[in-house]
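*Asks:* Provided below are the primary sequence and the corresponding predicted coordinates.
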Amino acid sequence: MKQPNQYNKRILLAVSGMSPQIVTETLYALAIKQQEPPTEIHLISTNSGKQKAALELLHPDTGMFYQLCRDYNLEGIRFGIENIHVICDKDGMLLDDIKTPEENEAAADFITRKVNELTRDDECALYVSIAGGRKTMGYYLGYALSLYGRSQDRLSHVLVTERYESLHDFFYPTPYSRVIYDRDKNPLDTNAAHIMLADIPFVRLRSGIPHFLLEGTAGFNDSIRFARTAESDPLLEIINRSLCANGIAVPLKGVNFAFYLWMIQQTVFSGGTVKRLLDANKEYKESFLNVYQQVFGEAMDDDDKTAKALKNGMDSQWLSDRRTGVRKAFEKALGENVAKLFLVQSHGKNTQLHYAIDLLPEQIIGFSLQ
């Protein structure tokens, strides 16, 4: 498994309110202490937080991001005003603060979408810091990474020597002596400060997220709702010619839909299994065609694609293709983890190999085939 520093693209992602020092503190910890400099930085903030970060970090003359890079000879780190992302509400209005329930919901959705977006790039690794911003911002960022994070992504919190923590004039330990003052007006030397990055283990739930969420722009609550399907007992509903698994529509159509119903008939309600096909099986062919005709209300003629494929009986390749089609449809709708509860599973080995859907009859609603 590749480590984050083995990726050519490494993104430091942080949240910040009115303390943009979190960016330079975390950058120092990554680049100087751990020798893992990111290649670019993204900051999520409020509108007022963006203005403060722009002035204190990115001012062409006094910006502390540029000063840190000069002090420690850091080159090629992309961080500009375009990389500071301002949280907006559902109407697109930029937020100056996050105080109300509506503003917290907007922040949760915005942060979740940004993490989703950045984790779609398989060629990058994320270093995510939850040290900045309001506590709810850090919580949403950490939870979003738990939902969408990959094996190469890391979550951390930056720890600063207590007397230097949250001081307006402290941004990072300098390689030279520089005097600042604490809250009691006592002098401190920035050269004497210490910063550590505390790694935070997190549970990765990405495999339980449906594909359409990974590819879309779902917010926090939608992501949580679908992730929670993994906590529910399986329940399959058959409505006309469509399926719902744990309340989520599964895009299974045509011959694959009929095959899935046939597998339910053969293995769930009859208590049997479908045996490994060494040769084309005409008995399976006839029972499947009977299901197909019940579902779609029509007999197959000799020119039908499925009829041609089953002309000599149901063979192992046809069965394998149908299982693959079913698996892809369920994984797209439910994610890999939840989909396993509903798939056609293989059991046994070699000549004892057989297939079945491991649901109970009471976990299936609306099945009416004879």
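*Replies:* It's in. Bear in mind the structure is a predicted one, so any value in this text is a computation, not a measurement. Numbers count the residues shown, from 1 in each chain.
*Asks:* Now do the helices in this protein.
*Replies:* For the chain, applying DSSP state H gives helices covering 21-28, 47-58, 64-71, 101-118, 135-148, 211-215, 220-227, 254-263, 282-296, 305-309, 316-334, 336-339.
*Asks:* Tell me how far the residue positioned nearest the centre of the chain lies from residue 229.
*Replies:* Residue closest to the mean C-alpha point of the chain, counted by CA atoms, centre = their mean, is residue 148 at 1.9 Å. Computed as CB to CB, to the nearest Å, the residue 148 to residue 229 distance reads 16 Å. (C-beta placed from N, C-alpha, C; glycine too.)
*Asks:* Also residue 199?
*Replies:* Taking CB to CB as the measure, residue 199 falls 29 Å from residue 229.
*Asks:* and what of residue 329?
*Replies:* Going from residue 329 to residue 229 by CB to CB gives 15 Å.
*Asks:* can you check residue 119 too?
*Replies:* Residue 119 is 20 Å from residue 229, by CB to CB.
*Asks:* Same check on residue 130?
*Replies:* Taking CB to CB, one finds residue 130 at 26 Å from residue 229.
*Asks:* if we can go back for a sec, tell me which of the helices of the chain lies nearest to residue 181.
*Replies:* helix 21-28 (15.4 Å; CB to CB).
*Asks:* The closest one packs against which elements?
*Replies:* Packing partners of helix 21-28 (3 or more CB pairs under 8 Å, 6 or more residues apart in numbering; DSSP states H and E): strand 9-16, strand 40-45, helix 47-58, helix 64-71, strand 124-129, strand 154-160, strand 195-199.
*Asks:* thinking again about what came up before, and residue 199 and residue 229? Which one has more around it.
*Replies:* A side-by-side neighbour count of residue 199 and residue 229, using other CB atoms under 10 Å, places residue 229 first with 22 against 11.
*Asks:* Could you pull up the residues touching that one?
*Replies:* 208, 246-248, 334-335, 338 (CB atoms under 8 Å, 6 or more residues apart in numbering).
*Asks:* can you list those residues in CSV and add neighbour count?
*Replies:* Shown next, in CSV, are these (neighbours: other CB atoms under 10 Å):
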residue, neighbour count
208, 19
246, 21
247, 11
248, 17
334, 26
335, 25
338, 26
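*Asks:* Switch those over to a markdown table; also include distance to residue 11.
*Replies:* Shown next, in a markdown table, are the contacts of residue 229 (distance: CB to CB, whole Å):
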| residue | distance to residue 11 |
| --- | --- |
| 208 | 24 |
| 246 | 34 |
| 247 | 35 |
| 248 | 31 |
| 334 | 29 |
| 335 | 24 |
| 338 | 29 |
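*Asks:* farthest pair in those residues?
*Replies:* Greatest spatial distance among the contacts of residue 229 (CB to CB): 208 and 247, at 14.9 Å.
*Asks:* okay, residue 60: pLDDT?
*Replies:* pLDDT recorded at residue 60 is 94.
*Asks:* With the flanking residues excluded, which residue is spatially nearest to it?
*Replies:* Spatially, and ignoring its direct neighbours in sequence, residue 60 is nearest to residue 66 (7.6 Å; CB to CB, 6 or more residues apart in numbering).
*Asks:* Quick check: pLDDT value at that neighbour.
*Replies:* pLDDT, read off for residue 66, is 97.
*Asks:* same deal with residue 230?
*Replies:* pLDDT at residue 230 comes out at 65.
*Asks:* swap in residue 303?
*Replies:* pLDDT, residue 303: 55.
*Asks:* And for residue 102?
*Replies:* For residue 102, the pLDDT comes out at 90.
*Asks:* In this structure it contacts residue 93, no?
*Replies:* No: applying CB atoms under 8 Å as the test, residue 102 and residue 93 come out as separate, 10.9 Å apart.
*Asks:* which residues touch residue 199?
*Replies:* Residues counted as contacts of residue 199 (CB under 8 Å, 6+ apart) are 154-156.
*Asks:* how close does the closest residue to residue 159 other than its chain neighbours sit to residue 89?
*Replies:* Excluding the flanking residues, the one nearest residue 159 by CB to CB, 6+ apart is residue 196, at 4.6 Å. Noted for residue 196: a distance of 36 Å to residue 89, by CB to CB.
*Asks:* Quick one: residues contacting the nearest residue to residue 296 once chain neighbours are set aside.
*Replies:* Excluding its sequence neighbours, the residue lying closest to residue 296 (CB to CB, 6+ apart) is residue 258, at 7.1 Å. Counting by CB under 8 Å, 6+ apart, residue 258 touches 288, 291-292, 295-296.
*Asks:* nearest to residue 80, of the helices of the chain?
*Replies:* helix 47-58 (6.8 Å).
*Asks:* Backbone dihedrals for the residue nearest to residue 122 when sequence neighbours are not counted, please?
*Replies:* Computed as CB to CB, 6+ apart, the closest residue to residue 122 that is not its neighbour in sequence is residue 150, at 7.8 Å. When read as degrees, to the nearest 10, the backbone of residue 150 gives phi -110, psi 180.
*Asks:* Surely residue 150 touches residue 119?
*Replies:* Yes: with contacts counted by CB under 8 Å, residue 150 reaches residue 119, the gap being 6.1 Å.
*Asks:* the more surrounded of the two?
*Replies:* residue 119 (24 against 14).
*Asks:* residues touching that one, list them.
*Replies:* Contacts for residue 119 were tallied using CB under 8 Å, 6+ apart; they are 126, 148-150, 153, 206.
*Asks:* Considering these, which is situated nearest to residue 19?
*Replies:* Relative to residue 19, and with distances defined as CB to CB, the nearest of those is residue 126, at 21.2 Å.
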